[in-house]
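In: task: produce atomic coordinates for the following.
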Amino acid sequence: MKKFAIATMIITLLTVPAYSQQGITARTDKEKKEDAATEKAYEDTLKRVKSNGPAVKSDPWQTVRPAGGDSTKH
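Out: The predicted model follows:
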């Protein structure tokens, strides 16, 4: 009887996480429309950034490097 009780407890403990995930509900039409609008705005922003051409390259280490254009590598 003790083995049966332990087996029942183990099975119960293994199924509790799956049971708790059933509370997730589907998204409403309003939420789906908001998601679509957000996604469209994101895609438009990406297109705008790409159409502006490549960004100006900056060198954050320019003040640390020597000014003489050393070609030696360490």
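
In: select the longest helix from this protein.
Out: As assigned by DSSP state H, the longest helix anywhere in the chain is helix 29-51.

In: so which bits of that helix are buried?
Out: Of all the residues in helix 29-51, not one is buried under the rule 16 or more other Cβ atoms under 10 Å. Any C-beta I mention is one placed from the backbone N, CA and C, and that applies to glycine too.

In: which residues sit against that helix?
Out: Identification of contacts with helix 29-51 by Cβ atoms under 8 Å, 6 or more residues apart in numbering yields R27.

In: for it, what is the average pLDDT?
Out: Here helix 29-51 scores 92 as its mean pLDDT.

In: keeping just the C-alphas, turn stretch 30-44 into CSV.
Out: The C-alpha trace of stretch 30-44 is given here as CSV (Å, rounded to 0.1, in the frame of the first residue of the first chain):
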residue,chain,number,x,y,z
LYS,A,30,-8.3,43.5,-30.9
GLU,A,31,-5.0,42.2,-29.6
LYS,A,32,-4.3,40.5,-32.9
LYS,A,33,-4.9,43.8,-34.8
GLU,A,34,-2.7,45.6,-32.3
ASP,A,35,0.0,43.0,-32.9
ALA,A,36,-0.3,43.4,-36.7
ALA,A,37,-0.1,47.2,-36.4
THR,A,38,3.0,46.9,-34.3
GLU,A,39,4.6,44.4,-36.7
LYS,A,40,3.8,46.7,-39.7
ALA,A,41,5.4,49.7,-37.9
TYR,A,42,8.5,47.6,-37.1
GLU,A,43,8.8,46.5,-40.8
ASP,A,44,8.4,50.0,-42.0
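
In: now that stretch, how far from the chain's geometric center?
Out: Distance, stretch centre to chain centre, for stretch 30-44: 17 Å (Cα atoms, centre = their mean, to the nearest Å).

In: and if you look at stretch 35-52?
Out: Here stretch 35-52 is found 17 Å from its chain centre; the criterion is Cα atoms, centre = their mean.

In: thank you kindly, that will do.
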